[in-house]
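J.: Sharing a sequence plus its predicted fold:
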Amino acid sequence: MESDIFAHLATGFAAAASLQNLFFCLIGALLGTLIGVLPGIGPVATIAMLLPVTYGLAPLSSLIMLAGIYYGAQYGGSTTAILANMPGEPSSIVTTLDGHQMARQGRAGPALAVAALGSFFAGCVGTVFLAGFAPVLAAFAQKFTSVEYFSLMVLGLLSAVVMAQGSLLKAIAMIFVGLLLGLAGTDVETSTLRYGFGVPEFYDGIGFLPVVLGFFGITEVMTNLERPMERERLTSEVKHLWPTREDFRQAWPAVLRGTGLGSLLGILPGGGVVLASFASYTLEKKVARDPNRFGRGAIEGVAGPESANNAAAQTSFIPLLTLGLPSNVVMALMMGAMIIQGIAPGSAVIDKHPDLFWGMVASMWIGNAMLLVINLPLIGIWVRLLNVPYRLLYPCILVFCLIGIFTINSSANEVLVTVVFAAFGYVCYKLGCEPAPLVLGFLLGPLMEENLRRSMVLSHGDPVIFVERPISLVLLLMALALVLLVVVPQFRRTRRVAFN
Amino acid sequence: MLRIKSAQDFGAGVMFFLIGLGALWFGREYEVGTAAQMGPGYFPKALGYGLLVFGAIFVLRGVALEGQPIEASRWRPPLAILLAITAFALLIDRAGLVAAVVACVLVSALALQRPRWWETLALALLLAAFCVATFIYGLNQSMTAFGG
């Protein structure tokens, strides 16, 4: 078994280290750092607008590039958090607390270095988790039937809800809206056209780029423009990068804890980078001898969360590559990218496309090493980018989103459809309804209906089948436990603290 | 006199209720079938009824419990952006990528309180040139630079 892994990894490295794949890995890492540094655009919008471009690429190249954007963004996000006191990405919100304080004290260099080194270490370890754990889980998932898959989707959607901000009930309602949107188009089983509204673009189902970019990329532009984007002036120039011995001594246990915590939380369906960074900050504060140092430039407060979000970025690929279940919106987009390439995400990926899986794993190590170079010696370039005002950025974001939507079917009508979803996304934002559950529901809608139908045919219409099968029962109990956990006041409080 | 205590909840309730109603009305002819043999109407209708329930809950919550108000909207940014997307959609086939990008950028500048038109024009032209180079020449996407 072990020698197996090494053999697989060798083929993986051989695939990932081709000139072409190295190039796309570098593009992904650069783009990821870029959008990570820039507030106002995140990996969701970037990956979505690049999807049409990946049509023409080999499957491995396109996945390597898209994955690089996701974990690259975790590196870039910390730069903005530390230097400009605003999160480049939601996952670096907590990094602003201590990272920016360090910068004010003239220790921006060590803060950036610890964030990058911690991220590198965590990214590598997270990838080890992925390589070791995914094949086991995939083998287990081979036994799943439609019954287990339906329960798994219930668990996945509910855990996405628990991780969403704001009202739980609203998030569940948003899942319902998303599922409904996902059903539009021709029903596969009966060929009935549902919710077509006479728009030919809807007959094959509503395109997911108009929905995802409408709800994420474009809604973000509109809401960002509404509030004045004030930026704190960069507090200090980055002079000496290298942390002191004392810094290292304080940071490395936090890096280890953050890596462990992040790896675990990344695997959970619905988990991901944001949760991991918050949880790690809370943990560091708890275990610290003197919690008062936090918020005043404690290096652990940078090292822990920044490691955790990177570890989680790698391990959140596990549910997608083993169960075919996207655990967050970025993974949902990766799922879309795989489908575009004719690869069905799920337990068969590792067996059927070993080059693809192991190539991706290998590329993650290569990519993390590239990111270390991109982010430390070249930090000056990214700092200068931070001074680009938003009024020059948003038209570019908008245009790239629209070109992405147009090119997927060469259809101007798809762009018009986007107007509807952007307006809808804006209304939802005003009403305090989170877009993430809707988008996940939208992508899982058809799959969920299909598995529900098949299960009910198996059981002759008796829903008891979902609790009779042991694996399905366990999955549903986990979903129930999650919901109960949220209703319990204590967890509720931590969740509120974490999100405010 | 009934007072709305949480406009956000109340508004979300109305939205969910309307979507549920829409799902049931537009799906009224889809066959429901039985649990063992689900027709095309089974799942959508279940979701529609579910949304009616969610809608009712939030409307009641909005009336009964204190909560978030709806943040006042500055209408300029969302309208300008939606208009910019529409301009892009209408021009891309007829007039090509350059016109679509330039129009989109210029219209989107209306979102700003004090647009700087010369700067915006320069940005529009630069961006159009970049897009033509990248998407038409670099990536061979099926678009034309100047229509036709």
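T.: Thanks, I have the structure now.
J.: Which part of chain A gets nearest to chain B, residue-wise?
T.: Nearest residue of chain A to chain B (CB to the nearest CB) works out as A:Gly461 at 3.2 Å. Bear in mind the C-beta positions are built from the backbone N, C-alpha and C, glycine included.
J.: pLDDT value on that residue, please?
T.: The per-residue pLDDT reported for A:Gly461 equals 84.
J.: Now do the contacts for it.
T.: Applying CB atoms under 8 Å, 6 or more residues apart in numbering or on different chains, we find A:Gly461 in contact with B:Thr34, B:Ala35, B:Ala36, B:Gln37.
J.: one more time with 10 Å, if that's ok
T.: Going by CB atoms under 10 Å, 6 or more residues apart in numbering or on different chains, A:Gly461 touches B:Gly33, B:Thr34, B:Ala35, B:Ala36, B:Gln37, B:Met38.
J.: Over to A:Ile381?
T.: Applying CB under 10 Å, 6+ apart, we find A:Ile381 in contact with A:Thr33, A:Leu34, A:Val37, A:Ile374.
J.: Now the first one: closest residue in space that isn't a chain neighbour?
T.: So the one you mean is A:Thr33. A:Gly76 (4.0 Å; CB to CB, 6 or more residues apart in numbering or on different chains).
J.: hang on, the earlier thing: secondary structure class for the residue of chain A closest to chain B?
T.: coil (DSSP: H, G, I helix; E, B strand; the rest coil).
J.: which residues does B:Gly33 bridge with?
T.: Here B:Gly33 sits in beta bridges with B:Met38, going by DSSP bridges.
J.: From A:Ser191, how far off is it?
T.: 14 Å (CB to CB, to the nearest Å).
J.: Show me chain B divided up by domain.
T.: Here the domain parsing of chain B from automatic domain parsing is B:7-64, B:76-138.
J.: and the shortest one, what's its mean pLDDT?
T.: Yep, that's domain B:7-64 we're talking about. Mean per-residue pLDDT for domain B:7-64: 90.
J.: sorry, back to before: now the residue of chain A closest to chain B: how far from B:Ala36?
T.: For A:Gly461, the distance to B:Ala36 equals 3 Å [CB to CB].
J.: Any stretches of the stretch 251-400 of chain A with poor pLDDT?
T.: Low-confidence segments of the stretch 251-400 of chain A (pLDDT under 70): A:270-271.
J.: what does it have sitting close to chain B?
T.: For the stretch 251-400 of chain A, the contact set with chain B under CB under 10 Å from any CB of the partner chain comprises A:Pro389, A:Tyr390, A:Arg391, A:Leu392, A:Leu393, A:Tyr394, A:Pro395, A:Cys396, A:Ile397, A:Leu398, A:Val399, A:Phe400.
J.: what number of residues lie near the second one?
T.: When you say that, I think you mean A:Tyr390. Applying other CB atoms under 10 Å in any protein chain shown, we find 17 residues neighbouring A:Tyr390.
J.: Also the last one?
T.: For A:Phe400, the number of neighbouring residues by other CB under 10 Å comes to 22.
J.: From the centre of chain B, point out the most distant residue.
T.: Centroid-distance maximum for chain B: B:Ala36 at 36.8 Å, with CA atoms, centre = their mean.
J.: give the contact list for it.
T.: Counting by CB under 10 Å, 6+ apart, B:Ala36 makes contact with A:Arg453, A:Met456, A:Val457, A:Leu458, A:Ser459, A:His460, A:Gly461, A:Asp462.
J.: Surely A:Cys428 is in contact with B:Ile70?
T.: No. The pair A:Cys428 / B:Ile70 is not scored as a contact, 11.7 Å apart, by CB atoms under 10 Å.
J.: so what's B:Pro115 closest to, chain neighbours aside?
T.: In this structure, B:Pro115 finds its nearest non-sequential neighbour in B:Ala109, 4.2 Å apart by CB to CB, 6+ apart.
J.: From the residues of the stretch 251-400 of chain A next to chain B, which land in helices?
T.: Judged by DSSP state H, the subset of these located in helices is A:Tyr390, A:Arg391, A:Leu392, A:Leu393, A:Tyr394, A:Pro395, A:Cys396, A:Ile397, A:Leu398, A:Val399, A:Phe400.
J.: Count the neighbours of A:Pro377 for me.
T.: 10.
J.: ok, residue 131 - contacts?
T.: This is for chain A. Applying CB under 10 Å, 6+ apart, we find A:Ala131 in contact with A:Ile5, A:His8, A:Leu9, A:Gly12, A:Gln314, A:Phe357, A:Trp358, A:Met360, A:Val361, A:Ala362, A:Met364, A:Trp365.
J.: try chain B instead
T.: A:Cys396, A:Val399, A:Phe400, A:Ile403, B:Leu97, B:Val98, B:Ala100, B:Val101, B:Gly138, B:Gln141, B:Met143, B:Ala145.
J.: In space, what's closest to the fourth one - neighbours in sequence excluded?
T.: If I follow you right, that is A:Ile403. B:Phe135 is the one closest to A:Ile403 (CB to CB, 6+ apart), at 6.0 Å.
J.: Go ahead and confirm that neighbour touches A:Val53.
T.: Yes. The pair B:Phe135 and A:Val53 passes the contact test of CB under 10 Å, sitting 8.4 Å apart.
J.: which neighbours do the two share?
T.: Common neighbours of B:Phe135 and A:Val53, using CB under 10 Å, 6+ apart, are A:Ile403, A:Gly404, A:Thr407, B:Gln141.
J.: farthest pair in these?
T.: For these, the maximum inter-member distance is 9.9 Å, found between A:Gly404 and B:Gln141 (CB to CB).
J.: Provide the count of other residues in contact range of A:Leu443.
T.: Neighbourhood size, A:Leu443 [other CB under 10 Å]: 25.
J.: next one: A:Lys352
T.: Residue neighbour count, defined by other CB under 10 Å, stands at 12 for A:Lys352.
J.: ok, now which ones touch it?
T.: Counting by CB under 10 Å, 6+ apart, A:Lys352 makes contact with A:Ile343, A:Ala344, A:Gly346.
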